[in-house]
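J.: Need a 3D model of the following:
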Amino acid sequence: MNERTLVYGLGKEYQEHREWVATHFRVTGYCDQDVTRMPPEGAVCKDELKERLAEFDLVLVTADPVSIVADLLEEFHVPLEKIRVLYYELAKQVPPLRTFYGENAEDAVLMLLCRELGLSFEGLSYLEIGTNDPVRFNNTYNLYRLGARGLLVDPLPAVGELIRMSRSEDRFLHAAVSAEGDGAQKLFFASKSSTVSSLSYEHHKAWDGVSHNEVHEIPVDVFGINTILERMEETPDLLLVDAEGEDEKILTALDYTRFCPKVIMVEMDHLDSSRAHMMQFMKDHGYIEYTTIKYNTIFIATHLWDAVV
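T.: The predicted structure follows:
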């Protein structure tokens, strides 16, 4: 409470929680792209941040942490240990199972399914491809808090820093995943809206509606799904895939004779083939649909479900 704190972002999320912030942080400065939001006392313009950083012990990020933390680390050279994320601080105050973090409560369904299968959360393992924010809209954060651990894979380097901040016992691989690949680099199209960043520029443009000039291209190592699984100590209990245009390629390339996760969750709203084709493909490879929640379909290994019902 004694650390001098700069609130970075004065938009909706900060306004909703400003009283909580005031009681948990010693706020001595404010920074926002919209200068009209900043109070006269304590205002720090963005172009002053480098010079004035020494005035603050902490920077409290109140908006999208994936893009903002990347800016703070790379552009302003703010040390990670000085950064806090408001949403993460609020999440710490809530016991597990009192709230859910999946965009459409997919994590609640996953936990219900684990209970139906008799799987203990403690020691449960997962491989999450396309993590993005490791807390907000994340489908494994509650599982992590209950004792599950796994490997999180994402092409955006800032995601690794956020994982260090919020899920230090998980492992992180800075890479993209596709049907195949041995670590060779490809261009990754990163968007200001990090959730639609993709190896495919066509996919990125179709979803984000931005021009090529607004796309930030970064080189990233690309590994095939089977290469990733080979490097894990054992096949994870849960496989979650949200790879923005690569999802179907990953599912169809998976070697089901060697790797058989108990549960697979995949984003199915931008397939190369038809949904019916993918449903039949999964059935042919030993999986049945458990449920579909908006964009995501959850599959369960048929032999496990047969044993339960």
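
J.: for stretch 268-278, how far is the first residue from the last?
T.: End-to-end distance for stretch 268-278: 9 Å, by Cα to Cα, to the nearest Å.

J.: In it, which residues are buried?
T.: Using 16 or more other Cβ atoms under 10 Å as the test for burial, stretch 268-278 gives 268, 270, 278. C-beta here means a position set from N, CA and C on the backbone, and glycine is covered the same way.

J.: Below-threshold pLDDT in this structure: ranges please.
T.: 185-216, 309 (pLDDT under 70).

J.: Spell out the residue ranges of the strands in the chain.
T.: Listed in chain order, the strands found in the chain under DSSP state E are 4-8, 26-31, 58-61, 83-85, 125-129, 149-154, 171-174, 176-178, 182-190, 216-224, 238-241, 263-267, 287-293, 296-301.

J.: Can you show me the helices along the stretch 51-200 of the chain?
T.: Ranges of helices in the stretch 51-200 of the chain, per DSSP state H, counting those that start in this stretch, are 65-74, 86-92, 106-116, 141-145, 157-166.

J.: Would you tell me which one of these is buried the most?
T.: helix 141-145 (a mean of 23; mean count of other Cβ atoms under 10 Å).

J.: Give me the contacts around the longest helix along the chain.
T.: What stands out as the longest helix in the chain, according to DSSP state H, is helix 12-24. Residues from elsewhere that reach helix 12-24, judged by Cβ atoms under 8 Å, 6 or more residues apart in numbering: 1, 7, 27, 60, 62, 63, 86, 87, 89, 90.

J.: Stretch 271-286 now?
T.: 247-249, 251-252, 256, 260, 264, 268, 288-289, 299, 301-303.

J.: and these, which two are the farthest apart?
T.: Farthest-apart pair in the contacts of stretch 271-286 is 249 and 303; separation 25.6 Å (Cβ to Cβ).

J.: hmm, back to that, and which of the buried residues of stretch 268-278 is nearest residue 183?
T.: residue 270 (25.8 Å).

J.: Help me confirm that that closest one comes into contact with residue 246.
T.: No: counting by Cβ atoms under 8 Å, residue 270 stays clear of residue 246, with 9.9 Å between them.

J.: number of nearby residues for residue 227?
T.: By other Cβ atoms under 10 Å, 15 other residues sit near residue 227.

J.: Might one say that residue 146 is in contact with residue 121?
T.: Yes: taking contacts as Cβ under 8 Å, residue 146 lies within contact range of residue 121: 3.9 Å.

J.: Identify the contacts common to the two.
T.: residue 111.

J.: Now stretch 25-41: buried residues?
T.: Neighbour-count burial for stretch 25-41, with 16+ other Cβ under 10 Å as criterion, is recorded at 25, 27, 28, 29, 30, 31, 32, 38.

J.: Nearest to residue 114, out of those: which one, please.
T.: residue 25 (36.0 Å).

J.: Touching, residue 221 and residue 184? I think so.
T.: Yes: counting by Cβ under 8 Å, residue 221 does reach residue 184; the two are 7.3 Å apart.

J.: who's more crowded, those two?
T.: residue 221 (17 against 8).

J.: Can you name the residues that contact residue 266?
T.: 240, 241, 242, 247, 250, 251, 296, 297, 299.

J.: if we go to 7 Å?
T.: Residue 266 makes contact with 241, 247, 251, 296, 297 under the criterion Cβ atoms under 7 Å, 6 or more residues apart in numbering.

J.: Show me what it bridges to in the sheet.
T.: Per DSSP bridges, the residues bridged to residue 266 are residue 241, residue 297.

J.: what about it, distance to residue 233?
T.: Per Cβ to Cβ, to the nearest Å, residue 266 is found 23 Å from residue 233.

J.: what about the closest residue in space to residue 49 that isn't next to it in sequence, how many residues close to it?
T.: Spatial nearest neighbour of residue 49, chain neighbours left out: residue 76 (5.2 Å); criterion: Cβ to Cβ, 6 or more residues apart in numbering. Look at residue 76: counted by other Cβ under 10 Å, it has 13 neighbours.

J.: contact partners of stretch 59-75?
T.: 5-9, 11, 13-14, 21, 25, 78, 80, 82-86, 132-133, 156, 158-159, 161-162, 192, 194.

J.: Quick check: PyMOL command selecting the buried ones in those.
T.: Applying 16+ other Cβ under 10 Å to the contacts of stretch 59-75, the buried members can be selected in PyMOL as follows:
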select buried, resi 5+6+7+8+9+13+14+21+25+78+82+83+84+85+86+132+133+156+158+159+161+162+194
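
J.: Could I get the contacting residues of the closest residue in space to residue 162 that isn't next to it in sequence?
T.: Sequence neighbours aside, residue 134 is the residue nearest to residue 162 in space, at 5.4 Å (criterion: Cβ to Cβ, 6+ apart). By Cβ under 7 Å, 6+ apart, residue 134 lies in contact with 141, 152, 159, 162, 163, 166, 167.
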